[in-house]
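Novice: Test case, fold it:
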Amino acid sequence: MEDFKVSRRDFAKGMAFGALGLAGAGLTGCAPKSQSSELALTAGGDVDWDDEFDFIVIGSGTGLIGALAAAEEGGRVLVLEKANTIGGVTFTISGNSQWVPGNNVQGEAGFPYQGDEKTLQYLVDCDAGKGSSRERKLDYVLNARKVNEWCQDHWGFRHALTNISDYYHHEYAQKLGHSIDFLNQATGEVYAAGSDVYAAYIEPLLDGRDVEIMTGTPATALVRADGGRILGVRAGKKAFAASKGVLVACGGFDYDEDMVRRYLNVPLGATQAAPDNTGDGIKMGQAVGADLENMAATWGGCALITDLGGEINLSVDNIFDYGTYRGLPFCITVDRSGRRFFNESCSYAASSNVYDGYDSGANRLAHVPAFMIFSETYVEVIGWPSNGASYDVAATADAASEMPSYVRRFETLEELAEEMGINAVNLAAEVEKFNGFCSSGVDEDFQRGSGPFDEYDETSYGFTSDTWPLVSNLPNKALGPITAPYYVVVEAPGAVNTCGGLRVNKNFQVLDAFGEVIEGLYASGSSCGGPLGSCYGGAGGAVGPGYYGAFKAADVAMGYGLVMYEETGEAEA
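Specialist: Numbers count the residues shown, from 1 in each chain. I've put the predicted structure just below:
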């Protein structure tokens with residue numbers, strides 16, 4: 001993808017301070033050689049600031065919404081971006097769908113809203129890790145749509161419904177309506193790429209406001225007063241004041257191997273996070289006393305491992321699978337016991353927690369590694385699993401191409417089981433049972449092919465006219481029998497992003513371990529424990545809360561009152 005052009009802010013690229021020293025007049029650390037002292041600097045008197053701003057944002061993904069909001073009524077804003085280009089995951093990988101229940105587009109399109117009570121129950125039930133409170137979820141349900149409509153009225157945002165259902169198999173999951181995309185008003189089509197959204201909507205707004213963006217400029221420490229209030233940010237040898245507050249919005253910790261080991265319950269084989277997501281903002285928050293929340297959770301997915309003989313480690317060579325491959329007919333996923341353990345056609349979000357079961361007999365994770373087993377028909381219909389996963393199945397179908405090195409082929413299930421370390425007796429029985437489900441069209445174990453998301457997939461697979469005869473007679477388009485010869489690829493946990501971080505309240509103010517506000521410090525997006533916990537409600541389940549959190553944090557910090565937020569009861573929930 002082409003790098004963004006920073007236009008009038010190109011001058012800021014020269015201020016890339018990288019890992020330069022931390023020494024500076026008026027700033028002292030409590031323990032010069034400790035990591036915490038490097039991440040939090042206490043002002044010992046007047047600080048010789050290099051520049052002063054009203055609001056500072058660390059990260060240029062969804063944090064840019066906070067920068068725009070802070071500048072709305074004349075605020076002077078600085079954005080510090082570690083990477084050399086603007087956008088983070090939000091404007092480089094994401095399509096910028098937003099999950100906003102009860103949005104006005106939903107009603108205008110003729111999809112009645114089921115109401116706040118049912119939507120709240122959906123979020124509570126699907127937050128398996130209970131990563132946020134009921135009050136914070138309700139705050140999002142009531143107020144995210146208000147922020148979205150404010151952005152439409154004041155910033156000219158225009159949206160259309162996303163043609164994807166909610167992500168969980170739940171009685172209150174809506175087939176359409178909660179997810180919206182940015183609309184290209186010239187063509188009437190929605191934007192598929194975040195870079196297009198940035199160019200069409202975000203960049204023009206930035207150009208008209210007092211927002212400075214410094215790329216290639218990682219924040220290296222928070223500067224605090226003796227009393228604990230956050231005064232500003234250190235970036236290498238430079239110190240920048242923030243009179244109203246600092247927003248940490250620089251992503252999660254996918255690429256920090258030690259944090260993944262300490263906080264996640266499973267290894268990661270692949271992630272959609274930017275390589276710069278190494279937990280910097282979370283560590284800086286910890287250094288000033290911030291509490292953490294929801295740290296064991298990820299926005300889910302799985303990984304197809306390209307090194308069959310190696311350990312499961314994060315690698316760009318591994319294939320991140322949104323469900324494009326494991327969820328299609330003529331394949332199953334089993335663990336070493338030879339048994340299936342989840343609905344392979346579930347959304348990537350719903351797969352977040354399926355891999356962390358424990359085998360007490362073998363003293364190891366029960367479902368890691370897993371194995372995706374597929375038949376010749378799968379290859380004929382879909383092609384080989386490969387990098388560049390896409391929901392456009394027709395585009396990936398290439399049965400004539402060479403079998404990838406990470407795929408193994410066997411004539412019998414017994415040979416496959418012996419080579420891959422799978423229980424052969426259980427595997428044979430599981431395939432026989434699954435093939436029976438394919439004949440009846442009903443998955444009696446995991447309900448594959450039922451529920452709003454599965455039904456969406458069932459009707460929207462991009463089968464070509466050439467391959468359609470191979471699937472047209474299936475009673476359930478998500479279920480296709482497994483027959484010889486057999487192919488297998490190693491499957492493991494993956495993540496769109498980690499989704500835990502600094503503990504915040506409903507105003508996205510960072511809290512300490514006692515639930516007290518750290519004055520002047522805010523966090524949003526994947527840098528905080530978000531309002532929906534570990535529940536990724538539907539398409540845009542991270543961008544929606546990221547936009548909302550950044551906007552509300554800036555609005556509260558600046559004291560604007562741009563939106564009249566409906567109260568939900570508990571002030572610090």
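Novice: pretty sure V124 is in a helix, no?
Specialist: Yes: checked against DSSP: H, G, I helix; E, B strand; the rest coil, V124 lies within a helix.
Novice: Please, which helix or strand holds E491?
Specialist: strand 486-495 (DSSP states H and E).
Novice: Sorry, wrong one. I was asking about F182.
Specialist: Residue-wise, F182 maps onto strand 179-182 under DSSP H and E.
Novice: counting contacts, what elements does that strand pack onto?
Specialist: strand 98-99, strand 159-161 (3 or more C-beta pairs under 8 Å, 6 or more residues apart in numbering; DSSP states H and E). In this view, the C-beta of every residue, glycine as well, is placed from N, C-alpha and C.
Novice: how about the ones you listed, which one is nearest M420?
Specialist: The closest of those to M420 is strand 98-99. By C-beta to C-beta, the value is 37.6 Å.
Novice: partners of that closest one in the sheet?
Specialist: Its sheet considered, strand 98-99 pairs with strand 179-182 (antiparallel) by DSSP bridges.
Novice: Contact partners for V248?
Specialist: 58-59, 281-282, 284-285, 502, 510, 521-524, 527-528 (C-beta atoms under 8 Å, 6 or more residues apart in numbering).
Novice: Also T498?
Specialist: T498 sits in contact with 252-254, 260, 263-264, 273, 277, 295, 297-299, 526, where contact means C-beta under 8 Å, 6+ apart.
Novice: do that again at 6 Å, thanks
Specialist: Counting by C-beta atoms under 6 Å, 6 or more residues apart in numbering, T498 touches G252, F253, D254, T298.
Novice: likewise V563?
Specialist: With C-beta under 6 Å, 6+ apart, V563 has these contacts: K146, V147, W150.
Novice: which other helices and strands contact the top helix by length along the chain?
Specialist: Ranked by residue count and defined by DSSP state H, the top helix of the chain is helix 134-155. Helix 134-155 is packed against helix 116-126, helix 543-558, with contacts defined by 3 or more C-beta pairs under 6 Å, 6 or more residues apart in numbering; DSSP states H and E.
Novice: Quick check: which of these is buried the most?
Specialist: helix 543-558 (a mean of 28; mean count of other C-beta atoms under 10 Å).
Novice: quick one: that one to helix 134-155, angle?
Specialist: For helix 543-558 against helix 134-155, the angle by axes from the mean of the first three to the mean of the last three C-alpha atoms, to 10 degrees is 80 degrees.
Novice: What score does the residue nearest to G300 when sequence neighbours are not counted have for pLDDT?
Specialist: Excluding its sequence neighbours, the residue lying closest to G300 (C-beta to C-beta, 6 or more residues apart in numbering) is S352, at 3.0 Å. S352 is assigned 85 on the pLDDT scale.
Novice: count of residues packed around S352?
Specialist: By other C-beta atoms under 10 Å, the residues close to S352 number 27.
Novice: backbone phi and psi for it, please?
Specialist: phi -60, psi -40 (degrees, to the nearest 10).
Novice: from memory it sits against A296, does it?
Specialist: No: contact criterion C-beta atoms under 6 Å: S352 and A296 do not qualify, at 10.1 Å.
Novice: Show the low-confidence segments of the stretch 301-450 of the chain, by residue range.
Specialist: 310, 387-400 (pLDDT under 70).
Novice: residues making contact with the host helix or strand of M284?
Specialist: Assigned by DSSP H and E, M284 belongs to helix 280-287. Helix 280-287 has contacts (C-beta under 6 Å, 6+ apart) with S36, L39, A40, I58, L222, V248, C250, G501, L502, V510, S527.
Novice: for A297, what are its contacts?
Specialist: Neighbours of A297 in contact, by C-beta under 6 Å, 6+ apart: G129, G131, C499, G500, S534.
Novice: from what I can see the second one touches C535, true?
Specialist: It refers to G131. No: with contact defined as C-beta under 6 Å, G131 does not count as touching C535 (7.8 Å).
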